[in-house]
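Q: Please work out how this folds:
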Amino acid sequence: MERIAKTTSSTEKVTADTTPSTNGRKAYKVLGSRFELPDNFEIIDPVGSGAYGVVVAAKDKNEEGENNLIAIKKIEKAFEHKVFALRTLRELKIMRLLDHENVLSVKTILNPDSLEAFKEIYVVTELMETDLAQIIKSN
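A: Next up is the predicted model:
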């Protein structure tokens, strides 16, 4: 699984990307990565970045109460090499099949606009307060 580096810099903020996006999606620029998300998701803060992608905290406007806080992981270049594709598939299978309180489960995977535009994957999970690397450092 990917290690996520927690961001602490106040200069690294979420900004609205003014470049037009397609099919009524909102575009955001987070930690140097462009997120194109459906209108029901609103990015709150960057959570971190790692070798395989960027993770943000977001609100799902379709959910009510505490359940509306989620994490969205953007896996970039998921299909650039066979190794990347297999690693991504393995990670998603583990997250989907393991039903354990200490393993994140996939809420949904956002559909791409088209097969031609399918270059990155957006994985929606529950938002956790910390990651495994932070827990290990604390002990």
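
Q: Show me the shaky parts of the chain.
A: Segments of the chain classed as low confidence (criterion: pLDDT under 70) are 1-23.

Q: Which strands or helices does the helix or strand where residue 34 lies pack on?
A: Following DSSP states H and E, one finds residue 34 within strand 33-37. In this structure, strand 33-37 packs against strand 26-30, strand 41-49, strand 53-60, strand 69-75, with contacts taken as 3 or more C-beta pairs under 8 Å, 6 or more residues apart in numbering; DSSP states H and E. Every residue, glycine included, has its C-beta placed from N, CA and C.

Q: Rebuild those strands as JSON lines, extending it with distance to residue 87 and mean neighbour count.
A: Putting the helices and strands packed on strand 33-37 into JSON lines (distance: least, C-beta to C-beta, whole Å; neighbours: other C-beta atoms under 10 Å) gives the following:
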{"stretch": "strand 26-30", "distance to residue 87": "22", "mean neighbour count": "18"}
{"stretch": "strand 41-49", "distance to residue 87": "17", "mean neighbour count": "18"}
{"stretch": "strand 53-60", "distance to residue 87": "11", "mean neighbour count": "21"}
{"stretch": "strand 69-75", "distance to residue 87": "9", "mean neighbour count": "21"}
